[in-house]
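J.: give me coordinates for this.
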Amino acid sequence: MPYVITCGDEGVQINEGTRLGVVGSGLKLAHFSQIVKAMKKTLGQDLRVVASAENDWTKSEFQLDDFEQTDATMQQQVEAMADKETLLYSGFLPFADPKNLKHEIKGHMVRPKGIHIANKISFTLGGGEQTYNLGNYVISADWVSAVSKEIVKEVMQTQIKFYQQLAKTVELKFVFENAGELGEKIAAKNMKMLESVGIKAS
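T.: Residues are numbered from 1 along each chain as shown. Presented below is the predicted three-dimensional model:
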């Protein structure tokens, strides 16, 4: 299955492809170029990226008024970012039945509109999301052993802080997914890097 960078929003479901969760699909995220380089080094050059409906990160970062504007902006910006980072732009994930996108990706949004219901953050360590769970925001940590500790700390803290704001009073628990084609040794190296910046199971 090809790897696809998506937002970590709990509503994003990839039916065909393997999901790599990055807040806002990487838009305006510090060090995203280094993340992409590390992902390509670890997972292969042929990475896809998608935009998704009702994206809170994009709405906040671009200071937009509503989700209609946000959906249009995210599609334009993710496509432009894909060109810049040499990623394959697969398209837009709607609140609808699973949609066939470009470059062998299929998916859609499945959470209720206007509501966030996740109570955990799932960090993927061994090659992207293997099991979908509507209760999880998803953060890809499959690449973290390939970059500096400083980058990992800043990127992870930014995403954790944002998802905690979306969750409001619910304290998000941390869970980890080790499975994937990278294997146990690389997953363990990635876990060790997360632990070094203070991220542990809760």
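J.: what are the boundaries of the helices in this structure?
T.: 32-43, 56-61, 67-85, 149-167, 184-196 (DSSP state H).
J.: now do the contacts for the residue lying closest to residue 94 once chain neighbours are set aside.
T.: Spatial nearest neighbour of residue 94, chain neighbours left out: residue 53 (5.3 Å); criterion: C-beta to C-beta, 6 or more residues apart in numbering. Where you see a C-beta, it was placed from the backbone N, CA and C, and this is true even at glycine. Residue 53 is in contact with 67, 71, 92-95, 109, counting by C-beta atoms under 8 Å, 6 or more residues apart in numbering.
J.: repeat that for residue 2.
T.: By C-beta under 8 Å, 6+ apart, the contact set of residue 2 is 17-18, 46-48, 103-105.
J.: count the neighbours of the closest residue in space to residue 13 that isn't next to it in sequence for me.
T.: Among residues not flanking residue 13 along the chain, residue 110 sits closest, at 4.8 Å (C-beta to C-beta, 6+ apart). Using other C-beta atoms under 10 Å, residue 110 has 14 neighbouring residues.
J.: cool, and residue 80?
T.: Residue 80 has 12 nearby residues by other C-beta under 10 Å.
J.: what does the pLDDT read for it?
T.: As predicted, residue 80 sits at a pLDDT of 98.
J.: burial measure for the closest residue to residue 138 other than its chain neighbours, as a count.
T.: Leaving aside its chain neighbours, residue 138 sits nearest to residue 21 (3.1 Å; criterion: C-beta to C-beta, 6+ apart). Per other C-beta under 10 Å, the neighbour tally for residue 21 reads 27.
J.: pretty sure residue 21 contacts residue 118?
T.: No: assessed by C-beta atoms under 8 Å, residue 21 is found out of contact with residue 118, at 11.3 Å.
J.: overlap of the contact sets of those two?
T.: residue 137.
J.: could I get the helices of the chain in CSV, plus columns for distance to residue 1?
T.: Formatted as CSV, the helices of the chain follow (distance: least, C-beta to C-beta, whole Å):
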stretch, distance to residue 1
helix 32-43, 11
helix 56-61, 25
helix 67-85, 19
helix 149-167, 23
helix 184-196, 18
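J.: would you confirm that the residue nearest to residue 13 contacts residue 118?
T.: No: using C-beta under 8 Å, residue 110 makes no contact with residue 118, being 11.9 Å away.
J.: okay, and the common contacts of the two?
T.: By C-beta under 8 Å, 6+ apart, the residues touching both residue 110 and residue 118 are residue 134.
J.: quick one: stretch 18-32 to chain centroid distance?
T.: Relative to its parent chain, stretch 18-32 has a centroid offset of 5 Å by C-alpha atoms, centre = their mean, to the nearest Å.
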